[in-house]
Structure formats: structure tokens, C-alpha cells
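Trainee: A predicted structure for the sequence below; I have some questions about it.
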Amino acid sequence: MTDYQVLFSKKAQRDIAQLTSQQKVKLQEILQQVLAITPQAGKKLKGKLSGFYSYRLNQRDRILYEIIEDTRTVFIIRARTHYGE
């Protein structure tokens with residue numbers, strides 16, 4: 001079984017540009033070592049974000065993403081907080 005491809009929304013790309021270099025390193029590790037291999041490792045969201053997953057980047061920020069099984073793709077929607085925005 002092959003790993004999942006990781007793609008980013010424009011909003012996620014803007015989020016990543018605002019991260020510190022240390023946060024960018026951690027994000028890269030999470031994407032390569034966790035989400036590209038087992039994307040279901042994140043928390044399955046409910047309510048208006050039903051169908052999406054969340055994975056903790058740090059104390060405040062979360063990675064918000066969707067799993068597209070047909071193409072084995074993890075689509076990163078946000079790479080910073082989605083709480084309180």
C-alpha cells in the first residue's frame with residue numbers, strides 16, 4: 001500500500017508562510033511521518049466540520065484536513081488554528 005499524497009489549499013499555504021521555522025519543521029514531520037501514512041490518526045470532526053479531520057500542530061494550532069480515498073490524497077485545508085476564527 002502506497003502513502004497518501006499531500007496537497008494544500010491556498011489558505012493552508014498562507015497559513016504555513018506565517019509559521020515559525022520550528023513550526024514548519026514540525027509540520028513537515030507530521031505530514032511525512034503521520035498523515036501521509038495513516039491520515040486517520042487525526043481527530044474526526046463533528047458538526048459543521050463533519051467529514052474533516054484535525055491534528056494538533058502545537059498548543060494552539062491545528063492542521064485541518066480532508067481525506068480523499070479515491071485518489072489517496074490528504075488535502076490540507078488549514079495549517080494554523082481553526083478555533084475562534
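Mentor: Received, thanks.

Trainee: from here on, contacts and neighbour counts on C-alpha atoms
Mentor: Noted.

Trainee: Any regions of the chain where pLDDT drops low?
Mentor: 1-2, 82-85 (pLDDT under 70).

Trainee: The most centrally placed residue in it sits in which helix or strand?
Mentor: Nearest to the mean C-alpha position of the chain, by Cα atoms, centre = their mean, lies residue 63 at 3.6 Å. Using DSSP states H and E, residue 63 falls within strand 62-68.

Trainee: ok, and what's touching whichever helix or strand comes after that strand?
Mentor: Sequence order places strand 73-78 as the next helix or strand after strand 62-68, per DSSP H and E. For strand 73-78, the external contacting residues (Cα atoms under 8 Å, 6 or more residues apart in numbering) are 4-9, 11-12, 15, 35-36, 39, 62-68.

Trainee: Point me to the helix or strand that includes residue 11.
Mentor: helix 10-18.

Trainee: ok and that helix relative to strand 73-78, angle-wise?
Mentor: Counting by axes from the mean of the first three to the mean of the last three Cα atoms, to 10 degrees, helix 10-18 lies at 70 degrees to strand 73-78.

Trainee: From the contact counts, what lies against helix 10-18?
Mentor: When contacts are defined as 3 or more Cα pairs under 8 Å, 6 or more residues apart in numbering; DSSP states H and E, helix 10-18 sits against strand 73-78.

Trainee: if we can go back for a sec, filter the contacts of strand 73-78 down to the buried ones.
Mentor: Applying 16 or more other Cα atoms under 10 Å to the contacts of strand 73-78, the neighbour count classes 4-6, 8, 12, 15, 35-36, 39, 62-67 as buried.

Trainee: Need the max-distance pair from these.
Mentor: 4 and 15 (21.4 Å; Cα to Cα).

Trainee: Next, work out how far apart residue 26 and residue 13 are.
Mentor: 15 Å (Cα to Cα, to the nearest Å).
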